[in-house]
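**Student:** no FASTA, just this:
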């Protein structure tokens, strides 16, 4: 490996923000759930950019302790007031219907209806996002202000949905690298019109996958677009033999807003991806947050379950559950921005660059310092107070390259950015002062 | 082990403060020393509540580097001024006589007398507590104000004591648990009328022993009431074969005042009792102090000597030597309170509960999360921002129950109280989601 | 080992400041470089105090990646202005000539001359120190104010130097101790008239060596006076079989000023010399600086290269490169002081005392505390609040002397100065309460 073969030399960030934002905009209106045509339609849009493999897992298939549920689809839903107006209408926002609502066609009093209404008293203008995947139920979500204004009259309620044996759908894309060791990059594909908490991750990973597919890498990269929890479990149970190949991984969600960045460590807490993300964030210029693992969140819950305990962390901008737009109609296309998507991309690519290049080299002249000067690597006039700083990186790499310290170890100990250490290692390799092990 | 068999379910704290205070009051007037009838009399009072084994170790018996001294008893002692008044009188306070004072019957000038008088210039109204166990001597302790007022005249001094071959006496109570592994709980029984620095520990451990004796426990519990240093050494030298059974231990002293609470760690510093006490104090609601081990203090000095190095710490409220009442006549029955005794009891019992229940379990569904919902363990409507918090404990216990993490490990990592983690483990055991190893 | 045989009992600090300052004054005017008669002349002055072995290494000798360069000597050098005045004169300060300048005899315009002039714009009254060891070049150093005042005229430039095959010279002194395990103490001998950054270290180590040579020690002490980098490399390459004997080491430079003290740790960072220096500095009464290893500095760079990785740190007062006098004509005999040299000596000797005496002992009475009282080691009247402090050191040494804790371990854990712990260990050895392993 040298300067010429920098494996990520070809990973451009040009237009990434705009491209990802455009794709997020395109898939925003689709009504996704953990199964159904919304997922299929979304995957079709991602597949425009990627040679995506789409998998269909039949309802009833076991996935460890879980079972793939029946497939849910919805065509229409509304609440009509006594005067015949559709006061709540699925056509205006798919958040209005509790996901996995069973079919309903009823006339109800306000009191009876209210048992099926969800609102946010503290955010009275927003529609909440609610689901009832594993308990048969139905419901509508609406602004609290609207709920409070409902008159005591009879309402017509229609949910034109189906819940039948079918399939759970997920998409997968594998970029083959020099080795079979894999980096997993995964985004959930089960939330309806929530821009940050779904579309941002899907769009960003799609365009990252597209760009990675065009370059040579040391690791293989597996991109997974699967419904939260049951999708990850389905993939894991159908691919148990591949799990040991996953050396590093990132769950990516909520990467379009301007908060954070936030990295939540893997269960093990000191894995290479944990250290790589902490390093990249330290030099990112953002005031960032590093959180310890906890067993609640996105699909890192599954990958970090004790039976797998993989080196998989969670990357987000604002942390889920902590921002007011989270799981409401305010998580819309105004909440995410191309520039935030680009910043998120740079951080993920930064971590990938660390993983790709984090090798331990051996100083070929380990006894004493090698004479940098005779190779033109040292300032010619000694004694200058300022000369020291300019060769420090070379000295650090030479001093610690004993085959036991990786470049990330060196960067951390020297307090230098990984990219500088890595470029210096390339230079020293070129001059024969380092060798691979 | 499940909710039904919580081994400490029967340990009530009802009336514990009042009962312990009453016993402390009863034994307060007795003149204890490291040997003699004061110890026997005190043990007799404790034995009202416990089936106490009383041991008598003959003077001259070797205890490692030490020898059991002659037995000391005292009937009367006073200083009479020239006008025949008893100006210092053992009958009024047994602190007036230096413990182990040899018999004396003399007339002395003030100057000669002063060589045998002890006072506290900075606490001029208090009588200090002094001993001379291993150097033959005699002396009186009195308020500094009184000492300064003594006229230059001839005094009559009488100490009607005996120092003769006899015995060292200690009491022992063993509650047998499911296993022979022991928890040692020990209080010194050698200080005369000092309420906090002796009576509180004796009284609290007696009533704790009484309550433990009425329930089933996993560990066996050994209670020891022995004179400081020589008593512990005598027990250790006579029971060397039992020492390896002691897995955890607490020395208990000064537990009736309102200071601290203070826990001093064992020599090893990271034993289960050290972690259990730190955990219980963290959640105790008290602003507490955790101190590293040092080789000065109570009998943890002996149990933590390098030849034994046991997991034995010291529990106190105010730390010995740091409060103005310490080793003075101000350490009286007004200085200790039932409510402080109860608080101390709750802390000790909290630590015992951790020890009893601190096992490592195995998640029976370790690949991915088990589906809590189908067992009724999960909120039915998903997406609610507040649902997460309520199931976090279950998720933590499931995620970390890989057979390597004990419940205390889990509580510490999750930042949750042990009792909550332990109750959740019981629930998951009941539902078959955990198993013992 | 006991109080009587304290191996460093004979190391006096009397007059050390004055003696070292006098020697520094004597060697200050000599024009040292990495080779040449300046080094020989300096070693001759050191040899007045020491039975110094002087080694001559021929030019062209390989030293790992390096080659011993040609020998440089200089007789005279000056710049003459058009009116015939020597405006820059080597005879006035040897800093005026760039070290290793090749012979020159030329007439030059101001513009041509300026390419060979070095000055410090921000310190316009000082002469900088510059070298060009490994690139053939020549130059003069002068105050910036003088450089700016130079008229546009023709200058005569003369450097009467030779650069020819010859030798690199270094001095070595070995004091044999009870064992072959060595402590390395090294100062560079390659800077011309710089008082702190050369003379101070040479002078202090010479007088330390003289004093150590007069006493018995456990370790052998190797003193090295060699040119920076190439001198250390030459010694290492000619003595590879001796390198494993070096158990601890200090590079000593800039020890005459009043800054710091500064200790830079070895590459390993937790070696005994690192801990000894940190301990001694903690109790030195100075506000000191402990720095982590970095691969730039003095010859610790060579001893801590990955092929050797020795336990060698760097001791300085002000850190090189951080004080304004560094590598300028202001680093003169006014900048260093006898009292600073003495303080530096005390710190180095403090660390040597730790190394010499840092053994792990075994408590001969490990079960329970030994009875200090019967040996007269304990206050006779117990219960006194103040008695505790006075015997704490004995209790710490006894408690931790299990054969695994060295005296430095004990001092660090107890928060006590090493000397107190060490003297207490001597006392306990004398009383048979400790034994060697």
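**Tutor:** Okay, I see it. What you are looking at is a predicted structure, and each value in this text was computed from that prediction instead of being measured.

**Student:** which stretches of chain A form helices?
**Tutor:** Assigned helices in chain A, in chain order: A:16-27, A:37-46, A:110-114, A:144-148, A:201-212, A:230-238, A:272-282, A:300-303, A:338-357, A:387-400, A:407-414, A:418-430 (criterion: DSSP state H).

**Student:** Which of these comes out lowest on mean pLDDT?
**Tutor:** When the helices of chain A are compared by mean pLDDT, helix A:387-400 comes last with a mean of 82.

**Student:** Serialize the helices of chain A to TSV and add fields for mean neighbour count and distance to chain B.
**Tutor:** C-betas here are computed from N, CA, C, even on glycine. Listed next are those as TSV, based on neighbours: other CB atoms under 10 Å in any protein chain shown; distance: least, CB to the nearest CB, whole Å:
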stretch	mean neighbour count	distance to chain B
helix A:16-27	20	19
helix A:37-46	21	16
helix A:110-114	14	15
helix A:144-148	15	14
helix A:201-212	26	17
helix A:230-238	24	5
helix A:272-282	22	15
helix A:300-303	26	5
helix A:338-357	22	22
helix A:387-400	20	31
helix A:407-414	21	24
helix A:418-430	20	29
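
**Student:** Nearest to residue A:66 among these would be which one?
**Tutor:** Smallest distance to residue A:66 across the helices of chain A (CB to CB): 5.3 Å, for helix A:230-238.

**Student:** Tell me what angle that closest one forms with helix A:37-46.
**Tutor:** Interaxial angle of helix A:230-238 relative to helix A:37-46 (axes from the mean of the first three to the mean of the last three CA atoms, to 10 degrees): 80 degrees.

**Student:** of all the helices of chain A, which lies closest to residue B:344?
**Tutor:** Per CB to CB, nearest to residue B:344 of these: helix A:300-303, 41.2 Å.

**Student:** Measure how far that closest one is from the centre of its chain, please.
**Tutor:** Its chain's C-alpha centre and that of helix A:300-303 lie 13 Å apart, by CA atoms, centre = their mean, to the nearest Å.

**Student:** List the contacts of it.
**Tutor:** Residues from elsewhere that reach helix A:300-303 (CB atoms under 8 Å, 6 or more residues apart in numbering or on different chains): A:184, A:229, A:232-233, A:236, A:246, A:249, A:251, A:264, A:266, A:293, A:295, A:308, A:310, A:312-314, B:368-369, B:395, B:399.

**Student:** ok, now with 10 Å
**Tutor:** Contacts with helix A:300-303, where a contact means CB atoms under 10 Å, 6 or more residues apart in numbering or on different chains, come from A:63-64, A:184, A:186, A:228-233, A:235-236, A:243, A:246, A:249-251, A:253, A:264-267, A:293-295, A:308-315, B:367-369, B:395, B:398-399.

**Student:** Run through those and flag the ones next to chain C.
**Tutor:** Among the contacts of helix A:300-303, not one lies near chain C by CB under 10 Å from any CB of the partner chain.

**Student:** Report the buried members of those.
**Tutor:** Buried subset of the contacts of helix A:300-303 (neighbour count, 16 or more other CB atoms under 10 Å in any protein chain shown): A:63-64, A:184, A:186, A:228-233, A:235-236, A:243, A:246, A:249-251, A:253, A:264-267, A:293-295, A:308-315, B:367-369, B:395, B:398-399.

**Student:** State the distance from the closest residue to chain B within the stretch 151-300 of chain A to residue B:363.
**Tutor:** Using CB to the nearest CB, the closest approach of the stretch 151-300 of chain A to chain B is made by residue A:295 at 3.9 Å. Distance, residue A:295 to residue B:363, using CB to CB, to the nearest Å: 11 Å.

**Student:** where does the stretch 201-350 of chain A come near chain C, residue by residue?
**Tutor:** Counting by CB under 10 Å from any CB, no residue of the stretch 201-350 of chain A is near chain C.

**Student:** residue in the stretch 201-350 of chain A nearest to chain C?
**Tutor:** For the stretch 201-350 of chain A, CB to the nearest CB, closest residue to chain C: residue A:282, 17.6 Å.

**Student:** which residue packs closest to that residue, ignoring adjacent ones?
**Tutor:** The shortest distance from residue A:282 to any residue other than its chain neighbours is 7.8 Å, reached at residue A:288 (CB to CB, 6 or more residues apart in numbering or on different chains).
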